[in-house]
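# Okay, predicted coordinates and the sequence, questions at the end:
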Amino acid sequence: MNVRFLRRRLRALPRGWFLMAWLSLLAVAVVGVVDMGNHLNGTRGWFPALASPIFDGGRDRGVGAVVGYVFLLVAAGALTWIAAARRGTATHVVLACGLLVLVADDSLGIHEYLGGRLAEALGLQSALALRGQDFGELLVWALLGIPLAVGYLLALPHTTRASRREALVVCGVVAVMAVVTAGLDMLGPAGGYFGWPERLRSLVSLAETVGKLATMALIMLTALAFAARAARRAGGPVEE
């Protein structure tokens, strides 16, 4: 039954959604290849055309990061469109704001800057192969997440059951992105602490880049799928 349900959902999606899915897959693959080439240039001198730091997939405001920003901005736009087109979608506004916060934080390096300041102010020390700044950055993420979580809870009474289900799906994908990004990001310092070979550390970095971008693309595609469904049901009943 679940397979049939999924097939029905996919058949109902417009061709434009599948085009976006293929373009997203291509973009993730290209960024992964470019990131690998950048690492090989640093370790073996190969691919001099990819020597610039902007081709490092883990660099803020680099090529990979900009692709991720586009994914999240499109997702935020789709969620905002749903909120404007359909009543009972207050959670979608909060989620769109959350995605914009993610883009602003990553592009401006907010959690790195404030994380370092917090680590100094609180005297956070390195532990478990993590720097004090890493713990400071986690605290910043928690502080940024609190108002969004409160806003989400306040929006629930003004959201229909169908929209709540959509919001939970988006939250689930965002949670997967957070786990993948934070987990693999912390493996980087741990690899240096435990003396992992450079090849393994490069693979971890590549996995972080591809995993983060893939989950961002999934967030965008999920939001676009819900927007397509909202467009089909424009003027119809909202509740399911």
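Structure received. From a predicted model like this one, the values you see are computed outputs, not experimental measurements. Numbering: from 1, shown residues only.
# Please list all residues in contact with C171.
By C-beta atoms under 8 Å, 6 or more residues apart in numbering, the contact list for C171 reads L95. Any C-beta I mention is one placed from the backbone N, CA and C, and that applies to glycine too.
# Please spell out which residues along stretch 205-222 are buried.
For stretch 205-222, a neighbour-count test (16 or more other C-beta atoms under 10 Å) marks 205-206, 208-222 as buried.
# mind listing what F226 touches?
By C-beta under 8 Å, 6+ apart, the contact list for F226 reads 78-79, 82, 166, 169-170.
# Could you tell me which ranges of the chain sit under the pLDDT cut-off?
Low-confidence segments of the chain, defined by pLDDT under 70: 1-6, 124-132, 185-196, 198, 234-240.
# So G57 sits against G32, correct?
Yes. The pair G57 and G32 passes the contact test of C-beta atoms under 8 Å, sitting 7.2 Å apart.
# between these two, which one's more packed in?
More crowded of G57 and G32, by other C-beta atoms under 10 Å: G57, with 24 against 19.
# Where does the more buried one sit, in terms of helix or strand?
Assigned by DSSP states H and E, G57 belongs to neither a helix nor a strand.
# Tell me which helix or strand the nearest residue to L72 once chain neighbours are set aside sits in.
Counting by C-beta to C-beta, 6 or more residues apart in numbering, L72 lies nearest to L99, which is 4.7 Å off, once chain neighbours are set aside. Using DSSP H and E, L99 sits within helix 90-108.
# quick one, the helix or strand that contains V173 and helix 90-108 angle?
Applying DSSP H and E as the criterion places V173 in helix 161-194. Inter-element angle recorded for helix 161-194 and helix 90-108: 30 degrees (by axes from the mean of the first three to the mean of the last three C-alpha atoms, to 10 degrees).
# ok, which stretches of the protein are helices?
With DSSP state H as the criterion, the chain has helices at 2-12, 15-44, 63-85, 90-108, 110-122, 132-155, 161-194, 198-232.
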